[in-house]
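Visitor: I'll drop the sequence and a predicted model, then ask my questions.
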Amino acid sequence: MSGHSKFANIKHKKEKNDAKKGKIFTVIGREIVMAVKAGGPDPNNNSKLRDVIAKAKANNMPNDTIERGIKKAAGADSADNYERATYEGYGPNGVAIIVETLTDNKNRTASNVRNAFTKGYGSIGTQGCVSFMFDQKGQIIIDKEECEMDADELMMAALDAGAEDFSEEEDSYEVLTSPDDFSAVREALETAGVPMVEAQVAMVPQTYVQLTDEKDIKNLQKTLDLLDDDDDVTDVWHNWEE
């Protein structure tokens, strides 16, 4: 639940999620419901469900919990009904923020998101007000310490599978794909035994905003923390260069 991340941010995020498994499991459970209702309960015939299962495993969700979620969503009496809603707005100094949610009560969610922006002295904008500053990309983050391949070997595997770009950070590798090619690239790397810290379709900022004022940083962090604590919020993308 972070912006376009260097590995330090991903690591920080995972540590936070380790302490809040209930939150991330709730989000993934809802994504399982959406995937099953859209494409059926068989992951062999439902690429979106395969992607959600991969996300669940990356977050250490037990296999029996995943299977129970799929069976429940596939049941004839399943009453779970979630909708996606996206909110866009601004934090301090014009930091662009996109909030993606999955909710069974849009009024509650809209109120909570607005409250998070207000408490951090930001503002909700209209649909499309900041999304033009981001590119939608499949994003796969790989921890160098856990990956047995060297950079060249991993890069070739990713590019051969259809990736658009490959970059190396101090602690990690990043693979970017088009949204349409994301599932195929993720599955190819998974088959090759590449351990992924995170794999999802992300909103990647075209440019970044730096904050130097401590008050601005504190206010933005307040907004991000409130959004991170909200069970309806699945992802928060921003262009703050942390």
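Guide: Received the coordinates, thanks.
Visitor: show me where pLDDT drops low in the protein?
Guide: Scanning the chain for pLDDT under 70 picks out the ranges 1-20, 76-79.
Visitor: and the biggest helix by length in it, which residues are buried?
Guide: What stands out as the longest helix in the chain, according to DSSP state H, is helix 21-39. Buried residues in helix 21-39, counted by 16 or more other C-beta atoms under 10 Å: 23-25, 27-36. For glycine as for every other residue, the C-beta is placed from the backbone atoms N, C-alpha and C.
Visitor: which one of those residues is nearest residue 216?
Guide: Distance to residue 216, by C-beta to C-beta, is smallest for residue 23 among the buried residues of helix 21-39, at 26.3 Å.
Visitor: thought residue 232 was touching the closest one, still the case?
Guide: No - in this structure, residue 23 is not within contact of residue 232 by C-beta atoms under 8 Å, at 10.5 Å.
Visitor: how about the residue nearest to residue 167 when sequence neighbours are not counted, what does it touch?
Guide: Nearest in space to residue 167, with sequence neighbours left out and distances taken as C-beta to C-beta, 6 or more residues apart in numbering, is residue 174 at 4.8 Å. When contacts are counted by C-beta atoms under 8 Å, 6 or more residues apart in numbering, residue 174 touches 139, 140, 141, 142, 166, 167, 168.
Visitor: how about the secondary structure of the fifth one?
Guide: Recorded secondary structure, residue 166: strand (DSSP: H, G, I helix; E, B strand; the rest coil).
Visitor: distance of it relative to residue 86?
Guide: Separation of residue 166 from residue 86 (C-beta to C-beta, to the nearest Å): 28 Å.
Visitor: tabulate the buried residues of helix 21-39 in CSV, adding columns for distance to residue 190.
Guide: Shown next, in CSV, are these (distance: C-beta to C-beta, whole Å):
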residue, distance to residue 190
23, 25
24, 20
25, 21
27, 21
28, 17
29, 22
30, 23
31, 18
32, 18
33, 23
34, 21
35, 17
36, 20
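Visitor: which of the residues you listed lies closest to residue 161?
Guide: residue 35 (21.8 Å).
Visitor: hang on, isn't the closest one packed against residue 52?
Guide: Yes - in this structure, residue 35 is within contact of residue 52 by C-beta under 8 Å, at 5.0 Å.
Visitor: neighbour-wise, which one of the contacts of residue 174 leads?
Guide: residue 140 (25 neighbours; other C-beta atoms under 10 Å).
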